[in-house]
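>>> have a look; sequence and predicted model below, questions after that.
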Amino acid sequence: MGCRSESATTGEGRFRVNANGKLLEVWLLVRCVSCDRTSKLTVRERAPVRSFDPAELHGYRVNDPELVASRLLDPLLARRNRFALDWTGAWWLDTPSAWFEEAWPVPVEVVFEDPVPVRPERLIAQGLGLSRNEVLRRIKCDIPLRRPTSTGFTFTVMARD
């Protein structure tokens, strides 16, 4: 991006496919949040047409929203194009207002609408209004609480000591 803000939006999530002889280049078009200029993130460079999966190539040509999302979430694409996604405000834990009145322990299921990476410890602490140390003491979970995940999981809230 020209202004170096490193903050962009995909806008309508459009790919650009360019043919150069028997080689194809694919870019994802993004718009800078700060200066409103359009830039391109390189998805594939000078790749032979035969190296593309036909369904994937069709997805690039029709601007498939799921393909746009998967490319934006691809850590290799982010590293190659020197960008990072800002997940600020992208997740929260919906809890019933009277969950403290339930019998202990309380089982909780977390479901992701989008594959947003989050540390379960942080999500639970913010959603339940607990300190992170209290989360480590009172939460029983099958996945590591301090390791980011973007898939659903369940945990159990144990009673206070």
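Cool, the structure landed.

>>> and the residue nearest to the spatial centre of the chain, what helix or strand is that in?
Geometric centre of the chain, nearest residue: Val116, 3.4 Å, by C-alpha atoms, centre = their mean. Following DSSP states H and E, there is no helix or strand that holds Val116.

>>> packing partners for the host helix or strand of Arg71?
Applying DSSP H and E as the criterion places Arg71 in helix 65-72. Where contact means 3 or more C-beta pairs under 8 Å, 6 or more residues apart in numbering; DSSP states H and E, helix 65-72 is packed against strand 8-20, strand 23-32, helix 54-62. Glycine gets a C-beta too; all of them are placed from N, C-alpha and C.

>>> any idea how far Arg46 lies from Cys35?
Relative to Cys35, Arg46 is positioned 29 Å away (criterion: C-beta to C-beta, to the nearest Å).

>>> look up which residues are beta-bridged to Lys40.
Taking DSSP bridges as the rule, Lys40 bridges to Leu29.

>>> check contacts around it.
By C-beta atoms under 8 Å, 6 or more residues apart in numbering, the contact list for Lys40 reads 16, 27-30.

>>> related to what we said a few turns ago, figure out which of the helices and strands packed on helix 65-72 is closest to Arg80.
Closest approach to Arg80 among the helices and strands packed on helix 65-72 is made by strand 23-32 (11.7 Å; C-beta to C-beta).
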